[in-house]
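Visitor: What shape does this take:
(one chain, ligands or ions: 1)
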Amino acid sequence: MLTLDLKNSKGSPEKFLKDIEKRNQGFYKIIDDKKEFEKVETLAKKLKNNFNHFVVLGIGGSALGTICLKNALKPLAHEKLFVIDNVDPDFIKETKNKIDIKKTLFIVVSKSGDTLETLSQFFYFQKKVTDKKLDAKKHFIFITDSEKGYLKELAKKENYQTLDVPKNVGGRFSVLTAVSLFPAALIGIDIKKIITGAQKMRNRFLSKDTKKNLPFLLANTQHNFYRKGFKTNILFPYSNSLSSFSDWVRQLVCESTGKKLDNKRKKVFTGITIVPALGATDQHAQSQLFHEGPNDKLIIFFEIEKFKNTLKIPNKNLKNITFNELINIEKASTEKSLKDSHRPTITIKLDKISEETLGELFMLFEGATAFLGEFLNINAFNQPGVEHSKKLTKQAIIKL
Ligand code: PA5
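Guide: Next comes the predicted model:
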């Protein structure tokens, strides 16, 4: 369960919900597709014991949700599930050295099926597989568009197994599809519970009652501060498990709100910058800037009520408190001292880190980002800047 320390705010989600509906996006609808989740679960069940290693090849929205789920829910699976989300040759080679190709399933994830970084990783590992005289069809599965793109064409031609990325779900909104749920299921994460959490929050997202609509309340707060010059949001979880969640939010919010043109094609150069921080670690790093630097940041704390473990600090001077108490005292003290310096803060409280709360969190931020798009009067679902740089990279290679 998740709560936000935001009171009722001015404005109502009703009109924006109509505007969002008109954008024909699937991120809040796909979670009702029971058949698709069963397909994902069944395939994961069938394959999970046939391999020792799973390697996701993908970038941006095709990788960040998976990294977040693994780090939050199965951190010990770091020797089982690898995510290669870059074209750094050292990173690729070092990951290759850690796996046994004969016992590895490669999951190639690309909504477009055309992303150069992902295809180049695929070509590299495909050669490694065929060099060992292995059947590539048994070692690769593609998660991509159901109709178009290089990967889909190749799958049709050479009979690779595929799972679909729904048509109306963009990369950064795809965590609740096969894109991240399939790799998650392979390492034993209960994807049904993620969906249950997401559905709960989706029902709030669709509520016309401002008090109930947490995504609206969050976006409204982010936008109110943005208008007053607080253009950066610091994501400050007091939990190592959530540190990759901040990276996922960073992509979601930056790519969705960073826009040159508004809905009327007027130049606005708008966007919220997300900066990840980690409590209590960053109290000894970035925190000084948050306290006394430019007052242009909204601090979003995440607090965990119940950690998986309870650890005592065996020292009388420290009143024999637990680390559990200490981390939350640290959070409360930082919050108080930031307030003393007139820095705006809000807190998202989680009863615990679980499949369900992760599902709620994903939908909270996806819904809030959709509302932010409407508050800012922009299209939150395109990414012309990213597309432009993808195009230039391809052109540069063609020219070689
Ligand atoms: O959110 C987005 O659309 C992007 O960040 C994509 O996820 C990223 O560019 C990867 O694209 P694709 O999944 O098509 O390979």
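
Visitor: Verify the contact between residue 169 and residue 175 for me.
Guide: No. Using CB atoms under 8 Å, residue 169 is not in contact with residue 175; the gap is 9.6 Å. For the C-beta atoms, the positions are set from N, CA and C on the backbone; glycine is no exception.

Visitor: ok, the closest residue to residue 261 other than its chain neighbours - how many residues close by?
Guide: Here the nearest residue to residue 261 in space, its sequence neighbours aside, is residue 267; by CB to CB, 6 or more residues apart in numbering that works out to 6.3 Å. Look at residue 267: counted by other CB atoms under 10 Å, it has 9 neighbours.

Visitor: Same check on residue 333?
Guide: For residue 333, the neighbour count with other CB under 10 Å is 12.

Visitor: Tell me where the model's unsure across the protein.
Guide: Applying pLDDT under 70 to the predicted model, the residue ranges of the chain that meet it are 7-9.

Visitor: Can you give the domain ranges for it?
Guide: Segmentation of the chain into domains, based on automatic domain parsing, reads 2-22+210-384, 30-189.

Visitor: residue of the stretch 201-350 of the chain with the smallest distance to the ligand?
Guide: residue 255 (5.4 Å; CB to the nearest ligand atom).

Visitor: any idea where the strands of the protein begin and end?
Guide: Taking DSSP state E as the criterion, the chain contains strands spanning 2-4, 53-57, 81-84, 104-110, 140-145, 161-165, 232-237, 259-261, 267-270, 273-276, 297-304, 345-350.

Visitor: Within the sheet, what are the partner strands of the second one, with directions?
Guide: Take DSSP bridges as the rule and strand 53-57 pairs in its sheet with strand 81-84 (parallel), strand 104-110 (parallel).

Visitor: Can I get those in JSON lines including distance to the ligand and mean neighbour count?
Guide: Compiled in JSON lines, the strands paired with strand 53-57 are given as follows (distance: least, CB to the nearest ligand atom, whole Å; neighbours: other CB atoms under 10 Å):
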{"stretch": "strand 81-84", "distance to the ligand": "13", "mean neighbour count": "22"}
{"stretch": "strand 104-110", "distance to the ligand": "3", "mean neighbour count": "26"}
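
Visitor: Helices along the stretch 101-250 of the chain, start to end?
Guide: Residue ranges of the helices in the stretch 101-250 of the chain, as given by DSSP state H, counting those that start in this stretch, are 116-131, 136-139, 150-158, 178-186, 191-205, 214-227, 243-257.

Visitor: Show me what the longest one is packed up against.
Guide: In this case it means helix 116-131. strand 53-57, helix 89-98, strand 104-110, helix 136-139, strand 140-145, helix 150-158, helix 384-398 (3 or more CB pairs under 8 Å, 6 or more residues apart in numbering; DSSP states H and E).

Visitor: Throw these into CSV and include distance to residue 36, thanks.
Guide: As requested, the helices and strands packed on helix 116-131 are arranged in CSV below (distance: least, CB to CB, whole Å):
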stretch, distance to residue 36
strand 53-57, 19
helix 89-98, 29
strand 104-110, 16
helix 136-139, 22
strand 140-145, 12
helix 150-158, 17
helix 384-398, 26
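
Visitor: May I have the distance across stretch 199-211, first residue to last?
Guide: Start-to-end span of stretch 199-211 (CA to CA, to the nearest Å) is 18 Å.

Visitor: The ligand contacts on this protein?
Guide: Contact residues (CB under 6 Å from any ligand atom) of the chain with the ligand: 59-62, 110-112, 115, 118, 170-172, 255, 383, 386.

Visitor: and the residues you listed, which two are the farthest apart?
Guide: Spanning the widest gap among those are 118 and 255, at 16.8 Å by CB to CB.

Visitor: okay, these two: which has more neighbours?
Guide: Here residue 118 and residue 255 are compared on neighbour count by other CB under 10 Å; more neighbours surround residue 118, at 29 against 22.

Visitor: gap between stretch 54-72 and the chain center?
Guide: 8 Å (CA atoms, centre = their mean, to the nearest Å).

Visitor: what does stretch 190-207 give?
Guide: Shown here is stretch 190-207, whose average C-alpha point lies 15 Å from the average C-alpha point of the whole chain (CA atoms, centre = their mean).

Visitor: Same check on stretch 77-91?
Guide: On CA atoms, centre = their mean, the centre of stretch 77-91 falls 17 Å from the chain's centre.

Visitor: distance between the ends of that stretch?
Guide: 18 Å.

Visitor: can you pull the buried residues of stretch 313-328?
Guide: Neighbour-count burial for stretch 313-328, with 16 or more other CB atoms under 10 Å as criterion, is recorded at 324, 327, 328.

Visitor: cool, and stretch 175-193?
Guide: Within stretch 175-193, the residues that qualify as buried are 175-187, 189, 191-193, counting by 16+ other CB under 10 Å.

Visitor: what does stretch 304-314 give?
Guide: The neighbour-count criterion (16+ other CB under 10 Å) identifies 304, 307 as the buried residues of stretch 304-314.

Visitor: With just CA atoms, put that stretch into CSV.
Guide: What follows is the C-alpha trace of stretch 304-314 in CSV, where atoms were taken according to Å, rounded to 0.1, in the frame of the first residue of the first chain:
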residue,chain,number,x,y,z
ILE,A,304,9.4,2.5,3.8
GLU,A,305,7.4,1.5,6.9
LYS,A,306,8.5,-2.1,7.1
PHE,A,307,11.8,-3.4,5.7
LYS,A,308,12.3,-7.1,5.0
ASN,A,309,14.8,-7.4,7.8
THR,A,310,15.0,-5.9,11.3
LEU,A,311,18.6,-5.1,12.4
LYS,A,312,19.5,-3.9,15.8
ILE,A,313,22.4,-1.5,16.4
PRO,A,314,24.0,-3.0,19.6
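
Visitor: got the contact list for that stretch?
Guide: In this structure, residues lying in contact with stretch 304-314 by CB atoms under 8 Å, 6 or more residues apart in numbering are 238-239, 320-324, 326-328, 349-353.
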